[in-house]
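S.K.: Could you work out the structure for the sequence below:
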Amino acid sequence: MARAVIAPSLLAADFGRLAEEARAVAAAGADWLHLDVMDGHFVPNISFGPLVVQALRRHASLPFDVHLMVAPVDPVIGAFAEAGADQITVHAEAGPHLHRSLQLVRSLGKRAGVAINPATPAEAVAPVLDLVDLVLVMTVNPGFGGQRFLDSQLPKIATLRRMIAACGRSVALEVDGGITAETAPRARAAGAEVLVAGTAIFAAPDYAAAIGALRGAADGGGARRS
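M.R.: Residues are numbered from 1 along each chain as shown. The predicted structure is shown next:
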């Protein structure tokens, strides 16, 4: 397995200095920038919209990994694509027509992802594996940062790893929620390739050291394909 992809979640950054924070994690060795969009409906909190993504795009060259925790999601996909998202992930639970949502993302020239909440089984993504570039497993219930990693999701990650291998396509397997130097090796060993981390990076005094610790723990933690 290639080295872990580290995607700092801007939700944990200082919202008064978002551009500076985005530049700082890029300089510290981040691979992607994860942008959690919350609507106050699908999840309890409200974070930011396409105007913030558009403003950040001028200050950051990292790939923008936009995670839409929004329902209904189809009406906003175009705005985030235009704002500068490189890949757009929608939730399987966010609407009745998941195929249509993913087809819309792809029609706009963006990489498409599907996310599933902790209570949603891995099998929910099987019908759309031919349409996605990324599967995101939520390892906390979405809506708040700083939550504890749910070990109950590890078998799901392993199942998805096998499903992706069987489909014969290049699909990234991402995890989001409670990722630290302690939990990253477990997620990685189950088959995760992309690690989203918020508090573990942005609450650290040294972003480069925090990213290095996460990557070292993940890649030195017995990573294997299940």
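
S.K.: my guess is Val171 meets Val132, correct?
M.R.: Yes - counting by Cβ atoms under 8 Å, a contact exists between Val171 and Val132, whose distance comes to 5.9 Å. All C-beta atoms are positioned from the backbone trio N, CA, C, and that covers glycine.

S.K.: Can you check the distance spanned by stretch 27-42, start to finish?
M.R.: With Cα to Cα, to the nearest Å applied, stretch 27-42 spans 33 Å between its terminal residues.

S.K.: how distant is that stretch from the center of its chain?
M.R.: 7 Å (Cα atoms, centre = their mean, to the nearest Å).

S.K.: Buried residues, it. List them.
M.R.: Residues of stretch 27-42 classed as buried: 28-39, 42 (neighbour count, 16 or more other Cβ atoms under 10 Å).

S.K.: Which ones among those lie within helices?
M.R.: For the buried residues of stretch 27-42, membership in helices holds for none, with DSSP state H as the criterion.

S.K.: Would you mind listing the residues in contact with Leu102?
M.R.: Remark: with contacts taken as Cβ atoms under 8 Å, 6 or more residues apart in numbering, Leu102 is in contact with Val90, Ala112, Val114, Val128, Leu131, Val132.

S.K.: Is it in a helix, a strand, or coil?
M.R.: Reducing the assignment to helix, strand or coil with DSSP: H, G, I helix; E, B strand; the rest coil, the entry for Leu102 is helix.

S.K.: Okay, buried residues for the host helix or strand of Ile164 please.
M.R.: Assignment of secondary structure by DSSP states H and E places Ile164 within helix 154-167. Going by neighbour count (16+ other Cβ under 10 Å), the buried part of helix 154-167 is Leu154, Lys156, Ile157, Ala158, Thr159, Leu160, Arg161, Met163, Ile164.

S.K.: Any idea how many residues pack against the closest residue to Lys156 other than its chain neighbours?
M.R.: Using Cβ to Cβ, 6 or more residues apart in numbering and skipping residues adjacent in sequence, the residue nearest Lys156 is Ala122, 4.9 Å away. When neighbours are counted by other Cβ atoms under 10 Å, Ala122 registers 19.

S.K.: Got the confidence number for Ala122?
M.R.: Looking at Ala122, its pLDDT is 97.

S.K.: which ones are touching it?
M.R.: Ile116, Lys156, Thr159, Leu160, Met163.

S.K.: Pipe those into TSV and attach distance to Arg148 and pLDDT per row.
M.R.: Listed next are these as TSV, based on distance: Cβ to Cβ, whole Å; pLDDT from 0 to 100:
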residue	distance to Arg148	pLDDT
Ile116	19	98
Lys156	17	98
Thr159	22	98
Leu160	21	98
Met163	26	97
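
S.K.: Just give me the closest of those residues to Glu182.
M.R.: Compare each of the contacts of Ala122 with Glu182 using Cβ to Cβ and the shortest gap goes to Lys156, at 19.4 Å.

S.K.: If anything else comes up later, I'll come back, but that's it for now.
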